[in-house]
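Peer 1: I'll drop the sequence and a predicted model, then ask my questions.
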Amino acid sequence: MQAAYENDITKGTNIGQTLFGPWDSIRRDQVVSMIVRGAKSLFPGMFKEPPVETGSYFAGVSEPHGANLRTAQYNGLLDGLLGMGTGWQNANATRGEVAKMLFNMLSLAPASPLSPESIANARRLGGTSHIGETLYFVIGAKLTTELEAQHVLERMGNEIHGLQFYFTVQKSDNFEGMEPGWWVVFEARRTSATGYDMDWYQRGFPDAIVVQATVRTSDPIPVYEDIVGGFD
């Protein structure tokens, strides 16, 4: 109960938020709110807010559960539940209904960018020279944020060489088997005699299509753990 309260999943039953009634039955609207709050905490941006003009069984339901009910219906969290209609939220939830809502939530949750399904042939590159070596990039993963791309770089190791991470290629000087004029996600930018940092090009990238490239020239590019989460 304490963990759920500290993570804004469960609210107290009194104004002071000190009573929780863990042995009481739970209504459907309470379950929905707990799941929506938990999902928003674990996966920010996972649920889209329903447009104002969107119809809902819960259009007239007040807070604290109305907005969560409308969000849940709009995003498919309530799909497959029986008896859906006006007033549905006021009855107690069954174990099966809770299980179904949790299943729907997990089905809607994005895959972790660190999961094996998201990373294909990530390799740690040691040393300073990799001329002629083939580098493998993410295959078919839809990575559209800076943080997700950084996770991929970290997974590949502390040294990335040449142009680090591609959806498509903008410069092909250092690689064989790639055509210029494609898009790049990260590009090395030399900032000192001893290191590089990375520029982020945000353009709403499609799924990754480049799966490998061969290095023509090679320079070590350190990727430090403390940069994960954002660049200055």
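Peer 2: Sure thing, it's come through. Numbers count the residues shown, from 1 in each chain.

Peer 1: This protein - how does it break down into domains?
Peer 2: Domain assignment of the chain by automatic domain parsing yields the ranges 2-108, 134-227.

Peer 1: got any ranges where this structure has weak pLDDT?
Peer 2: 110-232 (pLDDT under 70).

Peer 1: I'd like to know the phi and psi angles of Asn92, please.
Peer 2: The phi/psi pair for Asn92 (degrees, to the nearest 10) reads phi -70, psi 150.

Peer 1: So what pairs up with it in the strands?
Peer 2: Asn92 forms beta bridges with Arg27, as assigned by DSSP bridges.

Peer 1: how close does it sit to Asp24?
Peer 2: From Asn92 over to Asp24 the distance is 10 Å, taken as Cβ to Cβ, to the nearest Å. C-beta: built from backbone N, CA, C; applies to glycine.

Peer 1: do the same with Ala67
Peer 2: As for Ala67, its distance to Asp24 is 23 Å (criterion: Cβ to Cβ).

Peer 1: which residue packs closest to Gly71, ignoring adjacent ones?
Peer 2: In this structure residue 71 is Thr, not Gly. Spatial nearest neighbour of Thr71, excluding adjacent residues (Cβ to Cβ, 6 or more residues apart in numbering): Phe47 at 5.3 Å.

Peer 1: Might one say that the one you found is in contact with Lys40?
Peer 2: Yes. With contact defined as Cβ atoms under 8 Å, Phe47 counts as touching Lys40 (6.4 Å).

Peer 1: Between these two, tell me which one has more neighbours.
Peer 2: Per other Cβ atoms under 10 Å, whichever of Phe47 and Lys40 has more neighbours is Phe47, with 19 against 16.

Peer 1: Quick check: that one vs Ser41, distance?
Peer 2: Counting by Cβ to Cβ, the gap from Phe47 to Ser41 is 11 Å.

Peer 1: ok, and the closest non-adjacent residue to Asn7?
Peer 2: The nearest residue in space to Asn7 (Cβ to Cβ, 6+ apart) is Ser41, at 5.5 Å.

Peer 1: tell me the contacts of Val61?
Peer 2: 29, 69-70, 89 (Cβ atoms under 8 Å, 6 or more residues apart in numbering).

Peer 1: can we see that at 6 Å?
Peer 2: Residues near Val61 by Cβ atoms under 6 Å, 6 or more residues apart in numbering: Leu69.

Peer 1: Any figure for the gap between it and Ala67?
Peer 2: In terms of Cβ to Cβ, Val61 sits 9 Å off from Ala67.

Peer 1: Having no further points to raise, I will conclude here.
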